[in-house]
Every structure is written in structure tokens, then in C-alpha cells.
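> build me a model from this:
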Amino acid sequence: MEKLLECDLYGPVRDYLERLGYEVKGEVKDCDVTALRDGELIVVELKRGFTLELIYQAVDRQRVADGVYVAVPLPKRGYMSPHIRDMASLCRRLELGLIFVGFTSRGVPQVDVAVHPREASAPRRDKNRRLAVIREHESRTGSVNTGGVSRKKILTAYKEQALLVVRLLREHGPMRVEDVKNLGGPANTGTILGRNALGWFSREPDPGGCRYLYRPNEKALAALEEYQDIL
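This next block holds a predicted model:
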């Protein structure tokens, strides 16, 4: 296969990590691929070529991850390419892992880990950012985003939860916060409806009390249709 896109690398890398027992998600807090296993966080950055931009991104991800890999297509000349040794040498110096993704003549993906990342010699410098990545990873109910995509809709954990609220309100009519939660809504239903950060909900006084009834607006219903294919 020629002219691979970054998103073409995601499936083989995801499958490789899942076989090792990691839970894998794509496009989490600017990371192309995140993988969690027993508290260990691995990040993989995908690129069509071994570029300086890729190295910058990978070094930045070392501030949050226990190990960082860069994944690129295997050069056309394979391991006969004169650049293979230089790429591996640079990754070792920077304590990065290096993954090559190739495809057989029948299109079967092959993942080869040329270099494994070393455990960082310096302490992690951004614990809050690491925690944000892990929370976002763990909050998602599935791996609906493909790592390495650009100009495509990304489903964050918050938006996924808000869409669940929209679906429940659409199916059952205007409800109070407690009613939505009782029907399986997320734990943060009150925050989603009360703050209305996405501008998806309207509210009206509850005739039976001092609280509010919430309903989704046209923007919310349009979003539910837009994301229906990846929910």
C-alpha cells in the first residue's frame, strides 16, 4: 500500500496494543493513541513520515505518559532503507519508542516495534495534564475515535455523556435532572443540564414543584443525528 494516511496506522497499532492487554482509545486530549493497563499510560503519535514535528509532539507527550512511541509507515525499501538506523538511534537517545507499520501485498497489516521507550530518566513534570488524559480516556465508553484523523468530528467523554442526556430527553419528553439520572443518565447530568455548556438544552418551571424540566433544542437533536454513526 502506498501513500498511507495517519488514520491508516491507527488500526494496526490499536490491535497490537490490545493484544498486549491495553485498553486503547484514539484522539484523547491531543494524543493520537492512548493505552492504559494497570495504571500505566502509553501514548503513540502517528505520522505519515518521520518528521521533526513528530519528534516535537512525542517529546511533549513524555510529560504525561509512562512511555511514548512514534509510529510511521515502513519505508518503501523496508529495512534496507539507509534511514532506519538513524531513526532508531535518535529515538533511543530521546527515550522514545519506534513502531513501523507495513502491509503485505494482500493488504495484511504488520506492526514491528523497532525500539521500545525507556522509562523516563527525569520525573514527570505535568501531573495535572497526565490526570486529565487518563480521566478522558477512562470516561469514554468505547473507542469510537480513530487516532491520527484531522478535520473530523471527535467525540469527547463530556459530549458523549451530553448526547446520552439528549437521547433520553428525546425519547421520554421534558424531565427533571433526577428523572434523567433514574433512566440511566450520567452521574453529571445536573452539571450538563444546569451549565448547558454546549447550548443544547432549554428549561421551564416544573408545574409540580420548584425545580425545572429540561428539553433538547434543535441544535441538540441535530448533534444527536450527526454523531449517530459513531455512538
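> retrieve the pLDDT associated with residue 210.
Residue 210 carries a pLDDT score of 69 in this model.
> hmm, I was thinking of residue 35
We have a pLDDT of 94 for residue 35.
> that one contacts residue 23, doesn't it?
Yes: Residue 35 is in contact with residue 23 according to Cβ atoms under 8 Å; the separation is 6.8 Å. Quick note: C-beta positions are derived from backbone N, CA and C, even for glycine.
> higher neighbour count, the two?
Between residue 35 and residue 23, counted using other Cβ atoms under 10 Å, residue 35 has the larger neighbour count: 26 against 14.
> now do the SS call for that one.
Using DSSP: H, G, I helix; E, B strand; the rest coil, the secondary structure recorded for residue 35 is strand.
> now do the contacts for it.
By Cβ atoms under 8 Å, 6 or more residues apart in numbering, residue 35 lies in contact with 17, 22, 23, 24, 25, 41, 42, 43, 44.
> in this protein, which helix is the longest?
helix 157-172 (DSSP state H).
> ok, then the element right after that helix?
Following helix 157-172 in sequence order, the next helix or strand is helix 177-182 (DSSP states H and E).
> which strands or helices does that following helix pack on?
Judged by 3 or more Cβ pairs under 8 Å, 6 or more residues apart in numbering; DSSP states H and E, helix 177-182 is in contact with helix 157-172, helix 189-195.
> burial count for the residue nearest to residue 118 when sequence neighbours are not counted?
Excluding the flanking residues, the one nearest residue 118 by Cβ to Cβ, 6 or more residues apart in numbering is residue 95, at 4.4 Å. Per other Cβ under 10 Å, the neighbour tally for residue 95 reads 19.
> show me the shaky parts of this structure.
1-3, 119-124, 141-154, 210, 229-231 (pLDDT under 70).
> do a quick rundown of the helices in the chain.
Going by DSSP H, the chain shows helices at 6-19, 52-61, 84-93, 127-139, 157-172, 177-182, 189-195, 218-226.
> centre of the chain to the last one, how far?
Shown here is helix 218-226, whose average C-alpha point lies 22 Å from the average C-alpha point of the whole chain (Cα atoms, centre = their mean, to the nearest Å).
> now do stretch 168-185
28 Å.
> any chance you could list what contacts that stretch?
164-165, 187, 189-190, 193-194, 201, 204, 206, 211-216, 221, 224.
> could you turn the buried ones of the contacts of residue 35 into a ChimeraX selection?
With 16 or more other Cβ atoms under 10 Å as the criterion, this ChimeraX line picks the buried residues out of those:
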select :17,22,24,25,41,42,43,44
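> which ones among the contacts of residue 35 lie within strands?
23, 24, 25, 41, 42, 43, 44 (DSSP state E).
> for the last one, which residues are in contact?
If a contact means Cβ under 8 Å, 6+ apart, then residue 44 has 13, 17, 31, 32, 33, 35, 68, 69, 70, 71, 99, 147 as its contacts.
> so the second one is in contact with residue 26, correct?
To tie it back to what came earlier, the one meant is residue 17. No: judged on Cβ under 8 Å, residue 17 makes no contact with residue 26 at a distance of 11.2 Å.
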